[in-house]
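> Here is my input, please return the structure:
(2 chains)
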Amino acid sequence: MNVKSFFVATLSSALDLGLATPDDVLKHVTPDLLAEHLPRPLWARLLTACLGAPRVDAQLVVDTIGVPNLCEHVPAPTIWRCIEDIGARALGGVASVAIPAAPAIVTRTVPAAPPKPLAVSAPPPEEKKKPAAAAAAPVPAGPSIPAPTTGGATDQPAEHDSSENGLAGTPLRPRTATSQRFRQTNTNIGRLAASSAARRPQAAVPTPVAPVSEPATPASHVRRGMTESDLEMETAIAPATNDDWKSALAVEDEQLIDWSGSEELTATNENDPRSRKR
Amino acid sequence: MMESGLEHQIFAPADVLAHATPDVLASHLPAELLSKVLASSLAAGAMTPERVLETVTPELLAKHLPHDVLWACIAAAAARAGVTR
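From the prediction side, this is the model:
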């Protein structure tokens, strides 16, 4: 480390750029210091220059001695004080204030110390309002594996995708238990072949002796566009899914309808205003 | 002798500094005197032989400078005045 070369470069550039003047140099490099540390040949040169010059000023002294000779012979603390003052003035006095400002930078880093949790592993902001529920929730198994919850909210691909698509910083909506999206497995078409115990009650209690239509539809109402005959057909289909469908189909003769003599039905259709339009 | 020659204008301050050159002054004057010479010159804005001799008095010259230098100054002034003939 060559401090003197650094001083020479700094002071020379400061003088060349106008950041410093020779008077600034002689404020610190006083004639006493020059007389004490400057070699006598340099003093002779200085005296010669001063005696031959019409005007003696700091510019003449600095130019005659030279910055390298000043930095070489004058003590380094003196040169440093000169450079320090020049720098402080060039920066508008900031340099001298910057030393007490250094601890302030350190204290600014302290509030930034607590790391911001990741979006996946961190609980949502709304869950912080419920510390008891958050404490009961198990720790997530991994960064991309959502924590198991008792509310059945594990099947939420939307939140999982948002955390993996770079939206980790955005607050997520709280996980709420959603309704069943898909039909349960015991309600599909294979339920009939799987087991007969999972049937609905109306199919599980067949009464071969009882009439088919009336007990199976206790709260049936005729809706718009329907006739009572449609309801009877619906209720008649339901017992057909029974195992002992043969017994369900066994009806008495009294329940049979003579369709050949159904003139009444034809007459009612003619009275229907909708059929008149057609 | 130096003080008398200056007082009676046998030689002038410039004649003194013609022998007591800057090299001689820088080589023999003490540091505090050099500092005073430079400081006074900077304060006045010029360095003249009169101002140098105001700081470096004939007594100080005789004290610090070699005597042969001072004698050469006196001898040269006497020769100019025709006293040596």
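
> Flag every residue of the stretch 51-200 of chain A that's near chain B.
A:51, A:53-58, A:61 (Cβ under 8 Å from any Cβ of the partner chain). (Each C-beta comes from the backbone N, C-alpha and C, glycine too.)

> Mind doing that once more with 7 Å?
Residues of the stretch 51-200 of chain A found near chain B (Cβ under 7 Å from any Cβ of the partner chain) are A:51, A:54-57.

> between the residues you listed, which is nearest B:L6?
A:L51 (17.5 Å; Cβ to Cβ).

> contacting residues around the one helix or strand that closest one maps to?
Secondary structure assigned from DSSP states H and E places A:L51 in helix A:40-52. For helix A:40-52, the external contacting residues (Cβ atoms under 7 Å, 6 or more residues apart in numbering or on different chains) are A:56, A:60-61, A:64-65, A:69, B:17, B:22-23, B:25-27, B:34, B:41, B:47.

> Burial check on residue 58, number of neighbours?
If you meant another chain, say so; for now it's chain A. 16 (other Cβ atoms under 10 Å in any protein chain shown).

> actually chain B
18.

> same deal with the one 10 residues further on?
Summarising burial for B:D68: neighbours were counted as other Cβ under 10 Å, giving 10.

> Pull the distance from the host helix or strand of it to the chain's centre.
Here B:D68, judged by DSSP H and E, is contained in helix B:67-81. Remark: helix B:67-81 is offset 12 Å from the chain centroid, using Cα atoms, centre = their mean, to the nearest Å.

> Kindly report the same for stretch B:23-37.
That offset, for stretch B:23-37, works out to 12 Å (Cα atoms, centre = their mean).

> quick one on the thing from earlier: which outside residues touch the helix holding B:D68?
B:1-2, B:5, B:10-11, B:15-16, B:19-20, B:24, B:61-62, B:84.

> Which strands and helices lie in contact with the lowest-mean-pLDDT helix or strand in chain B?
None of the helices or strands of chain B scores lower by mean pLDDT, DSSP states H and E than helix B:2-7, at a mean of 86. Under the contact definition 3 or more Cβ pairs under 7 Å, 6 or more residues apart in numbering or on different chains; DSSP states H and E, helix B:2-7 sits against helix B:58-64, helix B:67-81.

> least reliable of these going by mean pLDDT?
For the helices and strands packed on helix B:2-7, mean pLDDT drops lowest on helix B:67-81, to a mean of 89.

> quick one: contacts of stretch A:20-30?
By Cβ under 7 Å, 6+ apart, the list of residues contacting stretch A:20-30 reads A:14, A:58-59, A:61-62, A:70, A:74, A:78, A:81-82, A:85-86.

> Farthest-apart pair in the residues you listed, please.
Those two in those that are separated most widely, counting by Cβ to Cβ, are A:Q59 and A:R81, at 20.5 Å.
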